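Could you look at this predicted model? Sequence included:
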Amino acid sequence: MQMEISELQKDLAATFRWTARLDMHEGVANHFSACIPGTSNFYCNKAGIHFSRMKASDLILVTKENKDELKNKPNVIDPTALYIHGAIHEKAPHARCIFHVHSKYATALSTLKDPVLKPIDQNTMMFYNRVSTYNEFGGLGLEDESNKMANSLGNKQHMLLANHGILTTGETVAEGFNSLYYFERAAQTYLTALSTNQELNVVSHEVAEKTAEEHANFPTDFANLFLSQIRLILDKEEPDYKN
C-alpha cells in the first residue's frame, strides 16, 4: 500500500539532488539515510538510481522486520548502505541522519598519511575535534567492516574513512547535510593551502575550540535555512524530487 510521502523523505531527496549539482556524488554509489523520529527505522536510497534523479518515493524504509530480507535483495538496496548505515544507526544513537560520499576533496584528504584537518580557517575550525578517523580500511564496508566503522565513530559527529571518503551525521537531515557540504569546502581549502608548499598558519587549540563552539551554538540556524533554500530552488526547477 502506498503511504503518504513525508517531509523527512522530501528533505532527504532534496539533498541527493543538491549533492549531484555539487558533483559530490559517484555514479549510482554512495548513500544517505535518515531515521524516522522516535524510531530506529530509517530511509535509505534505492540501489541503482543516480543522485540527480532521486525522488522521495525512491527512498527505502529499513526496519528490524525487513532488514534480513533486504540483505538478499541487492537490486533494492546496496548491501554496503544496509550494513554501514544500519550498524551506525544502531550503535551511535546520536547519528539520526548519515551522509556518506566519496567526494573529490574529502576523499583526497582521506588518502593522506595524516588526514586530520588542521584549523586554518573558519570552515576547518567547524570540525575541530569533532571528526574521528577510521584508519583500518578493510574492504567495501560489509558486515565486519561496518561494525568497526560504527565503533570508530564513537561519540563524534563525523568520521573520515581513511582511503575511502567522508561520513557526516546529524540529528536532522538539514544538520547532517550542512556538515557534509562544509566538510567538503573545508577539505578543499586545506588541500589547496597544502598545495602551495608554504607553511600553514594553524591557529591555537584555544581559538579553534572556541570557534567550533561558537559555530555549534550560533543563534541563526543556517543548516535549516540552507535546506529550505535548496528545496525552494528545487520546487521551481526540479519539483519531481518530492514525488
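Alright, I've got the coordinates.

Tell me the secondary structure at the residue nearest to the spatial centre of the chain.
The residue lying closest to the centre of the chain (CA atoms, centre = their mean) is residue 99, at 1.9 Å. Residue 99 falls in the strand class when you classify it by DSSP: H, G, I helix; E, B strand; the rest coil.

Might one say that it is in contact with residue 177?
Yes. Look at residue 99 against residue 177 with CB atoms under 8 Å: they come within range, at 5.9 Å. Every C-beta, even on glycine, is put in place using the N, C-alpha and C of the backbone.

Quick check: neighbours shared by the two?
15, 32, 168, 170 (CB atoms under 8 Å, 6 or more residues apart in numbering).

How many residues are close by the third one?
Translated: residue 168. When neighbours are defined as other CB atoms under 10 Å, residue 168 has 29 of them.

what about the residue nearest to the centre of the chain, distance to residue 182?
Using CB to CB, to the nearest Å, residue 99 is found at 12 Å from residue 182.

give the contact list for the closest residue to residue 222 other than its chain neighbours.
Distances taken as CB to CB, 6 or more residues apart in numbering place residue 178 nearest to residue 222, at 6.8 Å, with adjacent residues excluded. Residues near residue 178 by CB under 8 Å, 6+ apart: 170, 222-223, 226-227.

hmm, 10 Å instead?
Residue 178 makes contact with 15, 99, 126, 168, 170, 172, 221-227, according to CB atoms under 10 Å, 6 or more residues apart in numbering.

Just the element for the nearest residue to the residue nearest to the centre of the chain once chain neighbours are set aside, please.
Distances taken as CB to CB, 6+ apart place residue 180 nearest to residue 99, at 4.3 Å, with adjacent residues excluded. Assigned by DSSP states H and E, residue 180 belongs to helix 173-195.

Grab the CA positions of that helix and hand them over as CSV.
Provided in CSV are the C-alpha atoms of helix 173-195 (Å, rounded to 0.1, in the frame of the first residue of the first chain):
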residue,chain,number,x,y,z
VAL,A,173,18.7,16.0,7.6
ALA,A,174,19.5,19.7,7.5
GLU,A,175,22.2,19.3,10.1
GLY,A,176,23.9,16.3,8.6
PHE,A,177,23.8,17.7,5.1
ASN,A,178,25.1,21.1,6.2
SER,A,179,28.1,19.3,7.7
LEU,A,180,28.7,17.3,4.6
TYR,A,181,28.7,20.5,2.5
TYR,A,182,31.0,22.3,4.8
PHE,A,183,33.4,19.4,5.3
GLU,A,184,34.0,19.3,1.5
ARG,A,185,34.6,23.0,1.5
ALA,A,186,37.0,22.7,4.4
ALA,A,187,38.9,19.9,2.7
GLN,A,188,39.1,21.9,-0.5
THR,A,189,40.6,24.9,1.4
TYR,A,190,43.0,22.7,3.3
LEU,A,191,44.3,20.8,0.3
THR,A,192,44.6,24.0,-1.7
ALA,A,193,46.7,25.5,1.1
LEU,A,194,48.9,22.4,1.3
SER,A,195,49.5,22.6,-2.5
